[in-house]
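**Student:** quick one, fold the following:
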Amino acid sequence: MKIHFLGTAAAEGFPNAFCRCGACSRARQLGGKNIRSRTSVIIDDTIKFDYSPDSFMQALRDRVDYGALRHLLVTHTHTDHYNAFDLDSRKIGIAHGIDHPLHIYGNDAVMQRTRAAVGSHEGERFAFHLMRPFITAALGEDEIRVTPLPADHDRLETCLLYVVEKEGKSLLYGHDTGWLPDDTWAWLKGKRLDGAILDCTVGFTGNKRERNHMSIETIMEVQRVFREENILSDQGRIVVTHISHNSKLLHEDLTTIFEPAGITVAYDGMVLYL
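**Tutor:** Below you'll find the predicted structure:
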């Protein structure tokens, strides 16, 4: 399973374009892995998580062919995760040489926003799939199974996490969320993950179980439970992303914190394999 990190920042980007804090100023000066665009990931070049406002730029930067995308798994409708109106560029007469629809998966709010953006082209260039927590779906004829799980993120929206099972590998796409809800933990117990991508929006807080987003302490606590419950395979990897400038932590700082625990810090353009 190829995992390509297109973006690794929280909603405001890192550095925040309007911000003059020390972390943002230092990130601009250092560049490289410290420059983070809004979060998104592609699996095996055909399955994309979320469609951030930076998706166009990310495709150009990393030479990604969005025409090859077959499945778009949307976690929730916050603007840093789902810029549905950019999908207008995939309509007939605008995008050429495409011979398959893009299958879009998400909650009720995602379906409504997608229809508002591209609804008249459903069936030609787009196919909509309403997802419900814990109900596993097969992605077309590709022998891929996806199970949406509840997140703890926005009390007014059923925000989703996703477990993707493909070719014998299992990956948890675990953000945006704070400490996982009890029913999500209950579903994960007895499962074996080869990888988990976790929300690391918050820096150090002194609180092990943050809500809405995870802190460094929360991630360490999640790792402990994964080990105790045997949820993560022996060679399984935890990767952190969705980094906020408010954490005040640059890439090297985060690596220093997480590397001793065997946790990988994602950066824009990073590719890894499970």
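**Student:** helix, strand or coil for Thr218?
**Tutor:** Of the three states, Thr218 takes helix under DSSP: H, G, I helix; E, B strand; the rest coil.
**Student:** for burial, what's the neighbour tally of it?
**Tutor:** 25 (other CB atoms under 10 Å). Where you see a C-beta, it was placed from the backbone N, CA and C, and this is true even at glycine.
**Student:** residues contacting it?
**Tutor:** By CB atoms under 8 Å, 6 or more residues apart in numbering, the contact list for Thr218 reads Gly178, Trp179, Val202, Asn207, Lys208, Arg209, Glu210.
**Student:** also Arg115?
**Tutor:** Arg115 makes contacts with Glu122, Phe128, as judged by CB under 8 Å, 6+ apart.
**Student:** ramachandran coordinates for it?
**Tutor:** Reported as degrees, to the nearest 10, the phi and psi values for Arg115 are phi -60, psi -40.
**Student:** in the stretch 151-274 of the chain, what residue spans correspond to helices?
**Tutor:** 182-188, 216-228, 251-258 (DSSP state H, counting those that start in this stretch).
**Student:** starting at the chain centroid, how far to the shortest one?
**Tutor:** So the one you mean is helix 182-188. From the chain centre to the centre of helix 182-188 is a distance of 19 Å (CA atoms, centre = their mean, to the nearest Å).
**Student:** which one of the helices of the stretch 151-274 of the chain lies closest to Tyr66?
**Tutor:** helix 251-258 (26.5 Å; CB to CB).
**Student:** that closest one vs helix 216-228, what angle?
**Tutor:** For helix 251-258 against helix 216-228, the angle between stretch directions is 40 degrees (axes from the mean of the first three to the mean of the last three CA atoms, to 10 degrees).
**Student:** could you dump helix 251-258 to PDB, C-alpha only?
**Tutor:** Only the C-alpha atoms of helix 251-258 are listed here, as PDB (Å, rounded to 0.1, in the frame of the first residue of the first chain):
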ATOM      1  CA  HIS A 251       9.400  19.400  11.800                       C
ATOM      2  CA  GLU A 252      12.700  18.800  13.500                       C
ATOM      3  CA  ASP A 253      11.100  19.400  16.900                       C
ATOM      4  CA  LEU A 254       8.300  17.000  16.200                       C
ATOM      5  CA  THR A 255      10.800  14.300  15.000                       C
ATOM      6  CA  THR A 256      12.800  14.700  18.200                       C
ATOM      7  CA  ILE A 257       9.700  14.100  20.200                       C
ATOM      8  CA  PHE A 258       8.100  11.200  18.300                       C
END
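**Student:** helices and strands around it, which ones?
**Tutor:** With contacts defined as 3 or more CB pairs under 8 Å, 6 or more residues apart in numbering; DSSP states H and E, helix 251-258 has these neighbours: helix 216-228, strand 263-265.
**Student:** ok, which of those comes nearest Lys248?
**Tutor:** Taking the helices and strands packed on helix 251-258 one by one with CB to CB, helix 216-228 is closest: 11.6 Å.
**Student:** can you list the buried residues in the closest one?
**Tutor:** Within helix 216-228, the residues that qualify as buried by neighbour count (16 or more other CB atoms under 10 Å) are Ile216, Glu217, Thr218, Ile219, Met220, Glu221, Val222, Gln223, Phe226.
**Student:** just put the helices and strands packed on helix 251-258 in a markdown table and tack on mean pLDDT and distance to Ala109.
**Tutor:** Shown next, in a markdown table, are the helices and strands packed on helix 251-258 (pLDDT from 0 to 100; distance: least, CB to CB, whole Å):
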| stretch | mean pLDDT | distance to Ala109 |
| --- | --- | --- |
| helix 216-228 | 96 | 25 |
| strand 263-265 | 98 | 31 |
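**Student:** closest one to Gln58 among those?
**Tutor:** Of all the helices and strands packed on helix 251-258, strand 263-265 sits nearest to Gln58, with 18.3 Å by CB to CB.
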